[in-house]
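Visitor: Provide a 3D model corresponding to the input given below.
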Amino acid sequence: MLKKKLNIAIIGATGYTGLDLVFLLTKHPKAKICYLCATKNLGKEINYFDKRIKKRLPKITSIKKIEWSKLDLVFLSLPNGEAQKIIKKIYFRFKKITFIDLSADFRLTNKKLYENNYQIKHKAKNLINKSIYSISEIIKTKIRTKRIIANPGCYPTSIQIPLIPLIKKNLINSKNIIIDAKSGFSGAGKNLEKKFKHRNLYSSTYAYNINKHRHVAEIEQEIFKYTKKKIIFTFIPHLLPTFRGILSSIYVDLTKTSSVNKLRNELIKHYKNDKFVKILKLNSEIGSGNVINTNKCEISICKTKIKNKIVIFSAIDNLIKGASGQAIQNMNLIYGFSKSLGLK
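Guide: Prediction:
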């Protein structure tokens with residue numbers, strides 16, 4: 001395990017995810033925050049944006065002020081399309097730097113699929129094969145071989161954690177899966193009102209991107225990677241009038257030799273060494289309340305009135321387990337720290 005502290009820059013420090021990342025890293029004994037970067041409010045203290053942050057930290061600065069040679073690790077919490085530009089400039093010049101990207105820029109291995117999904121031309125296509133997508137509980141130690149870590153999307157995190165072990169063991173049918181996922185509005189970022197124009201935005205529930213959500217490709221790619229099965233599913237995301245938290249309701253059919261007990265036992269077995277994944281008792285009621293402001297994922301497997309039709313509930317905090325907390329988990333994996341260091 002690395003003994004010295006890591007010199008870290010956070011680029012995009014003043015967004016919702018960036019602020020959670022800063023706050024959590026101030027509690028991490030191996031993190032030394034050297035730069036906090038943004039495009040606005042240069043020169044301000046970070047606690048101007050988040051009163052939780054008590055530690056004295058560098059003031060907000062432009063990335064032009066970064067001395068890259070001093071850094072070990074860079075977190076990028078930026079709009080899609082921006083991280084790839086920065087990494088392209090720095091990757092070959094400063095070879096000791098590792099990048100953890102919280103945007104979608106390196107999540108998809110197929111460049112054309114990325115460009116179709118996000119309507120952005122990929123400007124670092126030669127670096128895609130040098131990156132690795134990492135849900136911490138699933139990737140294990142392979143992450144250490146790459147310098148660009150693609151942090152997963154929040155919805156896909158809540159979906160893949162329960163589904164991958166069950167599909168891999170052929171305990172659920174890989175066809176006709178229905179995923180009904182609901183998220184707090186922080187998942188849309190601080191430009192929420194520009195993205196969503198529906199009435200009573202902060203006091204209503206809203207279904208969006210019904211035909212094709214950009215996270216569908218990410219879910220398909222990763223589930224196929226680990227299970228070698230192409231799943232057929234419907235994914236409908238909803239925006240809730242609450243700040244943070246995700247509850248994904250995943251409707252599946254049991255295979256002929258499966259049962260609810262087998263599903264639960266397999267998840268317990270698969271995640272027995274992962275303290276952030278908690279499998280509840282069968283048919284437990286569940287909400288996002290227990291996981292808010294934590295790096296936990298809670299899962300409940302429930303019977304329905306229809307024989308062999310099961311609903312799997314998965315709850316996470318979209319800003320932590322779905323973003324900043326997972327990014328720190330990935331940092332811990334890279335450098336051989338305890339999985340939960342800085343996240344208790």
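Visitor: show me where pLDDT drops low in the stretch 1-150 of the chain?
Guide: Low-confidence segments of the stretch 1-150 of the chain (pLDDT under 70): 1-3.
Visitor: meant to ask about the stretch 151-300 of the chain
Guide: Looking at the stretch 151-300 of the chain by pLDDT under 70, you get 188-197.
Visitor: how about the helices of it, start to end?
Guide: 154-168, 192-195, 215-227, 260-270 (DSSP state H, counting those that start in this stretch).
Visitor: got JSON lines for those, with mean neighbour count and distance to K65 too?
Guide: The way it works is simple: take the backbone N, C-alpha and C, and place the C-beta from them, glycine included. Below are these laid out as JSON lines (neighbours: other CB atoms under 10 Å; distance: least, CB to CB, whole Å):
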{"stretch": "helix 154-168", "mean neighbour count": "25", "distance to K65": "30"}
{"stretch": "helix 192-195", "mean neighbour count": "12", "distance to K65": "29"}
{"stretch": "helix 215-227", "mean neighbour count": "19", "distance to K65": "33"}
{"stretch": "helix 260-270", "mean neighbour count": "17", "distance to K65": "45"}
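Visitor: so which of these comes closest to I139?
Guide: Closest to I139 of these, according to CB to CB: helix 215-227, at 9.7 Å.
Visitor: Please compute how far that closest one lies from its chain's middle.
Guide: Its chain's C-alpha centre and that of helix 215-227 lie 14 Å apart, by CA atoms, centre = their mean, to the nearest Å.
Visitor: Convert the C-alpha atoms of it to PDB, please.
Guide: The C-alpha trace of helix 215-227 is given here as PDB (Å, rounded to 0.1, in the frame of the first residue of the first chain):
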ATOM      1  CA  HIS A 215     -27.300   4.900 -20.200                       C
ATOM      2  CA  VAL A 216     -28.900   2.000 -22.100                       C
ATOM      3  CA  ALA A 217     -25.700   1.400 -24.200                       C
ATOM      4  CA  GLU A 218     -23.600   1.400 -21.000                       C
ATOM      5  CA  ILE A 219     -25.800  -1.100 -19.300                       C
ATOM      6  CA  GLU A 220     -25.900  -3.400 -22.400                       C
ATOM      7  CA  GLN A 221     -22.100  -3.200 -22.800                       C
ATOM      8  CA  GLU A 222     -21.200  -4.100 -19.300                       C
ATOM      9  CA  ILE A 223     -23.700  -6.800 -18.700                       C
ATOM     10  CA  PHE A 224     -22.600  -8.500 -21.900                       C
ATOM     11  CA  LYS A 225     -18.900  -8.100 -20.800                       C
ATOM     12  CA  TYR A 226     -19.500 -10.100 -17.600                       C
ATOM     13  CA  THR A 227     -22.200 -12.500 -18.600                       C
END
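Visitor: What lies in contact with that helix?
Guide: 104, 107-110, 113, 117, 133, 135, 138, 152-153, 155-156, 159-160, 163-164, 167-168, 174, 229-231, 233, 235, 237 (CB atoms under 8 Å, 6 or more residues apart in numbering).
Visitor: Likewise for stretch 20-35?
Guide: Contacts of stretch 20-35 (CB under 8 Å, 6+ apart): 2, 5-11, 13, 36, 46, 50, 52-55, 57-58, 61, 63, 65-66, 70-71, 75, 77, 102, 319-320, 323-325, 327-328, 331, 335, 337, 341-343.
Visitor: N332 belongs to a helix?
Guide: Yes: counting by DSSP: H, G, I helix; E, B strand; the rest coil, N332 is found in a helix.
Visitor: What sits closest to it if chain neighbours are left out?
Guide: Nearest residue to N332, sequence neighbours excluded (CB to CB, 6 or more residues apart in numbering): L341, at 5.2 Å.
Visitor: how deep is T304 tucked in, by neighbour count?
Guide: 10 (other CB atoms under 10 Å).
Visitor: Which residues are in contact with the nearest residue to it once chain neighbours are set aside?
Guide: Nearest non-adjacent residue to T304, counting by CB to CB, 6+ apart: V311, 5.8 Å away. Residues near V311 by CB under 8 Å, 6+ apart: 249-252, 301-302, 304.
Visitor: In ChimeraX, select just the buried ones from these.
Guide: Only the buried entries of those go into this ChimeraX selection, using 16 or more other CB atoms under 10 Å:
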select :249,250,251,252,301,302
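Visitor: now, which of the contacts of V311 sits nearest T98?
Guide: Closest to T98, out of all of the contacts of V311 and judged by CB to CB, is I250, at 32.8 Å.
Visitor: mind checking the SS state of the closest residue to the closest one other than its chain neighbours?
Guide: By the measure of CB to CB, 6+ apart, the closest residue to I250 outside its immediate chain neighbours is I312, 4.4 Å from it. Here I312 is recorded as strand under three-state DSSP.
Visitor: My guess is I312 contacts S300. True?
Guide: Yes: look at I312 against S300 with CB atoms under 8 Å: they come within range, at 7.4 Å.
Visitor: I figured S204 hits F185, correct?
Guide: No: counting by CB under 8 Å, S204 sits too far from F185 to count as a contact (10.5 Å).
Visitor: so what's in contact with the two at the same time?
Guide: What both S204 and F185 touch, as defined by CB under 8 Å, 6+ apart, is the set P241.
Visitor: quick one: which of these two has more around it?
Guide: Legend: neighbour count by other CB under 10 Å for S204 and F185, higher for F185 (21 against 11).
Visitor: How many residues are close by L171?
Guide: 21.
Visitor: V260 is in contact with that one, correct?
Guide: No: contact between L171 and V260 fails when scored by CB under 8 Å: they sit 9.8 Å apart.
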